[in-house]
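# Attaching a predicted model along with its sequence, questions to come.
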Amino acid sequence: LVLVASMDHGGSSGGNNQQMDVFKSQAKQLLKKLNPRSTAKMSIESNPYIFHYMIDRGICYLTLTDKAYPKRLAFLFLEEISRDFESDLKSEYGDEWLHTVETVGRQYAFIKFDRIIQRKRRDYLDPNSSSNMKKLNDDLQS
């Protein structure tokens with residue numbers, strides 16, 4: 001069940017929209033194949049992009065990046081989204097946050113979280129920015 005979806009189409013040309021539909025379809029296929037025994041973190045190539053996913057507490061976080069985008073930075077992005085998602089839900093649902101996620105009955109139930117995803121996406125957009133270089137450096141030292 002998709003809880004939140006955030007898309008950056010990067011343009012509005014018809015060909016780009018068709019390509020984005022292909023990637024959306026691939027993402028759905030990927031999500032259907034995942035289960036509790038799936039690898040917790042993985043990158044899957046889909047030329048010319050790469051899907052990166054992370055499963056934490058039974059929740060899958062997925063992003064699509066250019067091939068040249070640093071893999072570790074993609075996972076730092078997913079980890080930050082995971083922490084923020086959990087924090088946001090804990091503030092709203094308290095200790096029952098995970099139960100709320102596990103029992104949600106409708107798609108896009110947490111679409112309001114899209115604003116946080118969009119802000120984080122902007123923060124991570126340029127892999128060569130000083131803040132992202134610092135994140136990678138800090139991660140290497142931890």
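That came through fine.
# all helices for this structure, in order.
14-33, 71-93, 97-102, 114-124, 130-141 (DSSP state H).
# for residue 30, what are its contacts?
Residue 30 makes contacts with 44, 51, 53, 62, as judged by CB atoms under 8 Å, 6 or more residues apart in numbering. Where you see a C-beta, it was placed from the backbone N, CA and C, and this is true even at glycine.
# ok, of those, which one's closest to residue 28?
Nearest to residue 28, judged by CB to CB, of the contacts of residue 30 is residue 62 at 10.2 Å.
# in terms of contact, does the closest one touch residue 56 like I think?
No - Residue 62 is beyond contact range of residue 56, at 11.9 Å (criterion: CB atoms under 8 Å).
# just to revisit the earlier point, of all the helices of the chain, which one is nearest residue 108?
Evaluated over the helices of the chain, closeness to residue 108 peaks at helix 114-124, with 8.9 Å, by CB to CB.
# List the buried residues of that closest one.
Judged by neighbour count using 16 or more other CB atoms under 10 Å, the buried positions of helix 114-124 are 116, 117, 120, 124.
# What separation do you get for the third one and residue 42?
What it means is residue 120. 20 Å (CB to CB, to the nearest Å).
# same check, this time on the first one
Applying CB to CB, one obtains 24 Å for the distance of residue 116 from residue 42.
# again with the last one
Distance of residue 124 to residue 42, given as CB to CB: 19 Å.
# Who's the closest spatial neighbour of residue 66, skipping the chain neighbours?
Leaving aside its chain neighbours, residue 66 sits nearest to residue 49 (6.1 Å; criterion: CB to CB, 6 or more residues apart in numbering).
# show me what contacts the one you found?
Residue 49 neighbours (CB under 8 Å, 6+ apart): 23, 64, 65, 66, 67.
# Just the local confidence number for the residue nearest the centre of the chain, please.
Note on the chain: the residue nearest the mean C-alpha position is residue 62, at 3.5 Å, using CA atoms, centre = their mean. In this model, residue 62 is scored at 94, pLDDT.
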